[in-house]
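Asker: Model the structure of this input:
(one chain, ligands or ions: 2)
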Amino acid sequence: MTIDEVMELAPVVPVLVIDNIADARPIAEALVAGGLRALEVTLRTPAALDVIREMAKVDGAVVGAGTVLNPDQLEAAVDAGARFIVSPGLTKTLGKAAVKSGVPFLPGIATAADIMRGLDLGLTRFKFFPAEANGGIPALKALAAPFHTARFCPTGGITEATAADWLAIPAVKCVGGSWVVPKGAPDKAKIEAAARAAAQLRG
Ligand code: 3PG
Ligand code: 3PY
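Answerer: Ligands and ions are numbered 1, 2, ... in the order given. From the prediction side, this is the model:
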């Protein structure tokens, strides 16, 4: 799978912060049932690698790791079954390791220099992070203009109400957001309904 194929699975990539391994499968099943297949499990909880292992067993789920900060975390995530890697930023060290490994990689960018560092590494697909705090839609439009080959997954502060406006930007292939899976004990029916609404955002 390429990073484009991951980004084209659905208009929304749910960003997941999961504490309990037991929640992993029910959440992934509900998301996939609602039509969201690319799932970003952030490495922000001690359970994250086990959560990736569990979610990877769910039919139809394409599970990736988020908040990957260095090559060691990249390797651990891929070993756990992550099929794509997301990072809040882009260092040369992580970028080189990702390119070498061949794993689909979506590094975070917030400036023109960040994008240029990515282009130097042969990367053209980026997460615009944190999307709202960095100036929102006008900022991404202005930033994208000089980089015709670049495509983006804005993430950070995007909601069910604003996602469609982001998705209307031609350079945006998908958006990321945590709204699909609220904190707390998972309610499968609610998650599936939120996923279904998100999956239909681009019509
Ligand atoms: C995050 O940092 O947790 C992700 O970017 C998701 O952000 P959100 O909670 O604002 O959707
Ligand atoms: C990530 O997912 O990589 C982030 O840390 C930001 O959402």
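Asker: Where does A76 sit, in terms of helix or strand?
Answerer: helix 71-80 (DSSP states H and E).
Asker: Next up, phi/psi of the closest residue to A193 other than its chain neighbours, please.
Answerer: With Cβ to Cβ, 6 or more residues apart in numbering as the criterion, A193 has its nearest non-adjacent residue at 6.9 Å, and that residue is G34. C-beta: built from backbone N, CA, C; applies to glycine. Torsion angles at G34 (phi, psi; degrees, to the nearest 10) stand at phi -80, psi -10.
Asker: Let me see the contact set for G34.
Answerer: 191-199 (Cβ atoms under 8 Å, 6 or more residues apart in numbering).
Asker: How about this structure: which residue is closest to ligand 1?
Answerer: S178 (3.4 Å; Cβ to the nearest ligand atom).
Asker: how close does the closest residue in space to that residue that isn't next to it in sequence get to P104?
Answerer: Take S178 and drop its neighbours on the chain: the residue closest to it by Cβ to Cβ, 6+ apart is V15, 4.6 Å away. Distance, V15 to P104, by Cβ to Cβ, to the nearest Å: 16 Å.
Asker: Can you list the neighbours in contact with stretch 65-78?
Answerer: Under Cβ under 8 Å, 6+ apart, the answer for stretch 65-78 is 15-16, 40-44, 48-49, 52, 64, 80, 82, 84-88, 91, 93-94, 97-98, 101, 103.
Asker: burial of the closest residue to ligand 2 within the chain, as a residue count?
Answerer: Residue nearest to ligand 2 within the chain (Cβ to the nearest ligand atom): G66, separated by 2.9 Å. By the criterion of other Cβ atoms under 10 Å, G66 has 27 neighbours.
Asker: secondary structure element for the residue sitting furthest away from the middle of the chain?
Answerer: Computed with Cα atoms, centre = their mean, the residue of the chain farthest from its C-alpha average is P146, at 23.5 Å. For P146, there is no enclosing helix or strand under DSSP H and E.
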